[in-house]
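S.K.: mind folding the following:
(one chain, ligands or ions: 1)
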Amino acid sequence: MSRLLRRLRPFGATPGATVQGSRRTEGYHTKTSTTTTDDDVWKHAPTLKGSTCFEPRPDVKNIMITGGAGFIACWVVRHLTLTYPSYNIISFDKLDYCSTLNNTNVLSSHPNFSFYQGDITTPSSVLDCMERHNVDTVLHFAAQSHVDLSFGNSYGFTQTNVYGTHVLLESAKKVGIKRFVHISTDEVYGEVKEDEDDLLESSILQPTNPYAASKAAAEMLVHSYQKSFKLPGIIVRSNNVYGPHQYPEKIIPKFSCLLRRAQPVVLHGDGSPTRRYLYASDAADAFDTILHRGILGQIYNVGSSDEISNLDLCHKLVDLIRPPASSSTGASRRWIKYTHDRPFNDRRYAVDASKLRRLGWSQKVGLEEGLRRTVDWYSKFGESWWGNITHVLTPFPGVSELGEVVPDFEHDGRDEPWENGKRG
Ligand SMILES: NC(=O)c1ccc[n+]([C@@H]2O[C@H](COP(=O)([O-])OP(=O)(O)OC[C@H]3O[C@@H](n4cnc5c(N)ncnc54)[C@H](O)[C@@H]3O)[C@@H](O)[C@H]2O)c1
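M.R.: Numbering: from 1, shown residues only. Presented below is the predicted three-dimensional model:
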């Protein structure tokens, strides 16, 4: 197994380094990419962002965005940097296995963009970043975000998602942050049955996996800092987000890359659980709307109208990447396989986003169009954006004792679902 323990940690900026626009601080060095095959791949990619634009807030000047080299936050970093030249955007990221500076390299010549390599679980780094950049606003996205890994590596999820959030809150309190937007997830509510109404922000939290539990716990800390210390916070609970720039460990980019490699996809269980999917530009617009119009102390759901089962999603991807249509039994059996289910797999999530819509936000990109754009991007960049991704394309990658993601060899897909989603 040891030969398979790949060094996944990307090369990145020296910890603590701040790189502002095209200027580099004396004594620090930065490599601009985690890619081993094509360091310039980002130069060939379109610059993707949201579409909203508000009157800049007078109380916002320097925005620290944690997890800025990861998926959702990189859309927000690009969107805010390019849409609001009067804001300084500081992307703060540890550069974990799922991140890449390719996600924000296009901003390197923009004077209102900086990158700070730091870990949210290290108080001195967080405080240094906030003080050095006179940060007044925090958008906190950084997290261990992959549910499958949380079943095997749950301490790591508590450490980053709970303790890391605590460090940010404590630092925010010390420097007097004016606006702290905490990014949570719809998974904190737990599953919602088919016949149940969409959940409002006032619904109780019943997380069912270690990832969701750590996100719910982080919310409790945010709430406590709001009450105890008057920390000006907002909590955001989003549906699944998808689109270009997402590390291929999640279902849409992972299956897109597998099909592009002419390999079958392997579904957990029978593929019947459903999820709602929001295209990343719509998510960027939601965070922009909440930053500019959200009311302090409030919670906002971010919801999509596109709900689809994992199996139907597979069919759509096969249709896009491996036509002729997957509806034929032969094509289904060729491209869609099954393995055992997660220890627990929520049937569905369903949030009511009307409170956010009342702030003026709306979903603009439907699933068909979003999938087409996503598949197209992965066909061009999926294999070179993060370097070698083969180890994450297995059905249940694990985490080694060194904390690194390793492939899983046990689960060759079967043609039919496991009985009750369990091994026979
Ligand atoms: N992806 C989704 O569908 C989705 C849906 C709802 C909510 N969310 C939430 O949105 C946020 C972003 O999710 P994502 O999918 O973009 O995640 P991601 O895994 O793509 O990115 C996470 C980023 O956080 C960074 N990071 C991890 N640990 C860190 C640490 N200790 N210090 C500093 N940086 C660290 C990583 O390097 C990475 O860049 C998360 O909080 C997640 O819970 C995601």
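
S.K.: for the protein, name the helix or strand with the lowest mean pLDDT.
M.R.: strand 23-24 (a mean of 32; mean pLDDT, DSSP states H and E).

S.K.: show the subsequent helix or strand relative to it.
M.R.: Proceeding N to C from strand 23-24, the next assigned helix or strand is strand 62-66, under DSSP states H and E.

S.K.: show me what that following strand is packed up against.
M.R.: When contacts are defined as 3 or more C-beta pairs under 8 Å, 6 or more residues apart in numbering; DSSP states H and E, strand 62-66 packs onto helix 71-83, strand 88-93, strand 137-140. Bear in mind the C-beta positions are built from the backbone N, C-alpha and C, glycine included.

S.K.: in TSV, list those along with mean pLDDT, mean neighbour count and distance to the ligand.
M.R.: Shown next, in TSV, are these (pLDDT from 0 to 100; neighbours: other C-beta atoms under 10 Å; distance: least, C-beta to the nearest ligand atom, whole Å):
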stretch	mean pLDDT	mean neighbour count	distance to the ligand
helix 71-83	98	25	3
strand 88-93	98	28	5
strand 137-140	98	26	7
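
S.K.: how about the residues of this protein by the ligand?
M.R.: 66-67, 69-73, 93-96, 98-99, 119-121, 141-143, 145, 160, 164, 183, 185, 215, 238, 240-241, 247 (C-beta under 6 Å from any ligand atom).

S.K.: circling back: go through the helices and strands packed on strand 62-66 and name the closest to residue 341.
M.R.: Closest to residue 341 of the helices and strands packed on strand 62-66 is helix 71-83 (C-beta to C-beta; 24.6 Å).

S.K.: check the offset of that closest one from the chain's centre.
M.R.: Here the centre of helix 71-83 is set off from its chain's centre by 13 Å, with C-alpha atoms, centre = their mean, to the nearest Å.

S.K.: what do you get for stretch 320-340?
M.R.: Distance, centroid of stretch 320-340 to centroid of chain: 27 Å (C-alpha atoms, centre = their mean).

S.K.: buried residues, it. List them.
M.R.: For stretch 320-340, a neighbour-count test (16 or more other C-beta atoms under 10 Å) marks 320-322, 326, 331-332, 335-340 as buried.

S.K.: list of residues touching that stretch?
M.R.: Residues outside stretch 320-340 that contact it (C-beta atoms under 8 Å, 6 or more residues apart in numbering) are 256, 259-260, 262, 264-271, 311, 314-315, 318-319, 371-372, 375, 379, 395-396, 411-418, 421-423.

S.K.: what about that stretch, how long is it end to end?
M.R.: With C-alpha to C-alpha, to the nearest Å as the measure, stretch 320-340 spans 26 Å from end to end.

S.K.: just stretch 285-303 next, same as before
M.R.: 12 Å.

S.K.: list the buried ones in it?
M.R.: Residues 285-294, 299-303 are the ones in stretch 285-303 that count as buried (16+ other C-beta under 10 Å).

S.K.: mind putting the buried residues of stretch 320-340 in JSON lines, pLDDT and secondary structure included?
M.R.: As requested, the buried residues of stretch 320-340 are exported to JSON lines (pLDDT from 0 to 100; DSSP: H, G, I helix; E, B strand; the rest coil):
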{"residue": "320", "pLDDT": "96", "secondary structure": "helix"}
{"residue": "321", "pLDDT": "96", "secondary structure": "helix"}
{"residue": "322", "pLDDT": "91", "secondary structure": "coil"}
{"residue": "326", "pLDDT": "58", "secondary structure": "coil"}
{"residue": "331", "pLDDT": "72", "secondary structure": "helix"}
{"residue": "332", "pLDDT": "76", "secondary structure": "helix"}
{"residue": "335", "pLDDT": "93", "secondary structure": "helix"}
{"residue": "336", "pLDDT": "93", "secondary structure": "strand"}
{"residue": "337", "pLDDT": "91", "secondary structure": "strand"}
{"residue": "338", "pLDDT": "91", "secondary structure": "strand"}
{"residue": "339", "pLDDT": "87", "secondary structure": "strand"}
{"residue": "340", "pLDDT": "82", "secondary structure": "coil"}
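
S.K.: out of those residues, which one sits closest to the ligand?
M.R.: Of all those, the ligand sits closest to residue 320, with 19.8 Å by C-beta to the nearest ligand atom.

S.K.: out of everything not next to it in sequence, what's closest to residue 417?
M.R.: Closest residue in space to residue 417, ignoring its immediate chain neighbours: residue 270 at 3.8 Å, by C-beta to C-beta, 6 or more residues apart in numbering.

S.K.: report the contact partners of the one you found.
M.R.: By C-beta under 8 Å, 6+ apart, the contact list for residue 270 reads 311, 338, 341, 417-418, 421.

S.K.: now the strands for the stretch 251-400 of the chain?
M.R.: Per DSSP state E, counting those that start in this stretch, the stretch 251-400 of the chain carries strands over the ranges 265-268, 274-279, 299-302, 307-309, 336-339, 398-399.

S.K.: C-alpha coordinates for the fifth one, PDB please?
M.R.: Backbone C-alpha positions of strand 336-339 (Å, rounded to 0.1, in the frame of the first residue of the first chain) are rendered in PDB as follows:
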ATOM      1  CA  ILE A 336     -23.100   2.500 -14.600                       C
ATOM      2  CA  LYS A 337     -22.000   0.100 -11.800                       C
ATOM      3  CA  TYR A 338     -22.900  -0.200  -8.200                       C
ATOM      4  CA  THR A 339     -21.100  -0.700  -4.900                       C
END
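
S.K.: closest residue of this structure to the ligand?
M.R.: Closest point on the chain to the ligand, by C-beta to the nearest ligand atom, is residue 70, at 2.1 Å.
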